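Participant: Return a 3D structure for these sequence lines:
(4 chains)
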Protein chains: 2
Amino acid sequence: MSAPTKRNTRQRRAIIDFLKTRKEFISAKELYSEMEDSKVGLSTIYRALSDLVNDGDLDVFIDNDGESRFRLCGSHHHHHLLCRKCGKSVEFQAPEAEALAERLGASEGFSEMEHRLEIIGTCRECV
Amino acid sequence: MSAPTKRNTRQRRAIIDFLKTRKEFISAKELYSEMEDSKVGLSTIYRALSDLVNDGDLDVFIDNDGESRFRLCGSHHHHHLLCRKCGKSVEFQAPEAEALAERLGASEGFSEMEHRLEIIGTCRECV
DNA sequence: TTGATAACGGGAATCATTGTCAATAAGCCG
DNA sequence: CGGCTTATTGACAATGATTCCCGTTATCAA
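Facilitator: Presented below is the predicted three-dimensional model:
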């Protein structure tokens, strides 16, 4: 799955290793600062992330601030339930949502579906 | 649904009127150039779009270039299926999603649920 | 009509991302 | 083990969408 044409550099290894330890989505900048000990340049991080996305090894989505966030594929897909007042968030799996996405997309002739489901509510403490 | 605190200015009317004639999603810049004759400043367009989104009158999504694209909402709550390559979008209703959000939220002690579901895929033409 | 102030607009500022290019280091061959 | 070729790196500049700033203008309640 990884492209065979890329060289196996210290920087690229460091980035992949870091991503393996990381469950949640992370932005390029965050990766840069959390990896500062590894001495990897920001440009290199952007390039590596872009390559990994093209190779299908990373999931991406663009958040509400227009910033891309990345995560290694293959961790379990989940969604967020979050409180509109305190921001507390709970992760959950929703197999129904996976199926729904697949079915609805296919019915319109779409393929390779991804989806995002976000539920916003008021939590017990904030009512 | 529109906020009552906003003034009814020529510019805001022009933007809303333009959007009413427009079925597809449009970016702020495109709106700006297509509305040249109306002499509305770019800052004003960004502000108006942002207000309309906050009031729930506009749908937005961020395309693959990180650019926001806007369109007047229909009256019913709905979700979007969109093509990751050409940006074509299809609206759909998903009563299952409403029920899912309600049930999952309640099971964690949340109330007054809202939700957003977005399905991204590759459309027939872009495969 | 008038006064308070929300909205405007043009340009500067911001910030994520991409481009540039000289220096560096993988991977290969002998 | 060296030396060679060339992909990769990284510091910095450039880009481009969006937001900020602030003096001016327009709305609207009184």
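
Participant: quick one: contacts for residue A:31?
Facilitator: A:15, A:18-19, A:45, A:49, A:70 (C-beta atoms under 8 Å, 6 or more residues apart in numbering or on different chains). Backbone N, C-alpha and C define where each C-beta goes, glycine included.

Participant: In helices, which of those fall?
Facilitator: Residues from the contacts of residue A:31 lying in helices, with DSSP state H as the criterion: A:15, A:18-19, A:45, A:49.

Participant: rewinding a little: so which of the contacts of residue A:31 would count as near DNA strand C as well?
Facilitator: Of the residues in the contacts of residue A:31, proximity to DNA strand C by C-beta under 7 Å from any atom of the strand holds for none.

Participant: how close does the spatially closest residue to residue A:94 that is not a sequence neighbour get to residue B:116?
Facilitator: Among residues not flanking residue A:94 along the chain, residue A:79 sits closest, at 5.6 Å (C-beta to C-beta, 6 or more residues apart in numbering or on different chains). Separation of residue A:79 from residue B:116 (C-beta to C-beta, to the nearest Å): 10 Å.

Participant: Residue A:91 too?
Facilitator: The value you get for residue A:91 to residue B:116, if C-beta to C-beta is used, is 16 Å.

Participant: residues near residue A:46, how many?
Facilitator: By other C-beta atoms under 10 Å in any protein chain shown, the residues close to residue A:46 number 15.

Participant: Let me see the contact set for it.
Facilitator: Residue A:46 makes contact with residue A:28, according to C-beta under 8 Å, 6+ apart.

Participant: can you check residue A:81 too?
Facilitator: Applying C-beta under 8 Å, 6+ apart, we find residue A:81 in contact with A:89-92, A:119-121, B:104-105, B:108, B:110.

Participant: Is it in a helix, a strand, or coil?
Facilitator: Reduced to three states with DSSP: H, G, I helix; E, B strand; the rest coil, the structure at residue A:81 is strand.

Participant: Just the pLDDT for it.
Facilitator: pLDDT for residue A:81: 86.

Participant: Name the spans of chain A whose pLDDT lies under the cut-off.
Facilitator: Applying pLDDT under 70 to chain A flags residues A:1-5, A:64, A:74-76, A:87.

Participant: And it, what are its domain boundaries?
Facilitator: Split into domains by automatic domain parsing, chain A comes to A:10-72, A:79-126.

Participant: right, so of those domains, which gets closest to residue B:53?
Facilitator: domain A:10-72 (10.6 Å; C-beta to C-beta).

Participant: so how far is that closest one from its chain's centroid?
Facilitator: 9 Å (C-alpha atoms, centre = their mean, to the nearest Å).

Participant: Determine how far the last residue of it lies from the first.
Facilitator: 19 Å (C-alpha to C-alpha, to the nearest Å).

Participant: Once you drop chain neighbours, what's closest to residue A:125?
Facilitator: In space, residue A:125 is closest to residue A:86, 6.8 Å off (C-beta to C-beta, 6+ apart).

Participant: list the buried ones in the helix or strand where residue A:30 lies?
Facilitator: Using DSSP states H and E, residue A:30 sits in helix A:28-34. Neighbour-count burial for helix A:28-34 flags A:28, A:31-32 (criterion: 16 or more other C-beta atoms under 10 Å in any protein chain shown).

Participant: Then stretch A:6-20?
Facilitator: A:11-12, A:14-15, A:18-19.

Participant: is it anywhere near DNA strand D?
Facilitator: Yes - for stretch A:6-20 and DNA strand D, the contact criterion (C-beta under 7 Å from any atom of the strand) is met by A:6-7, A:9, A:11-12.
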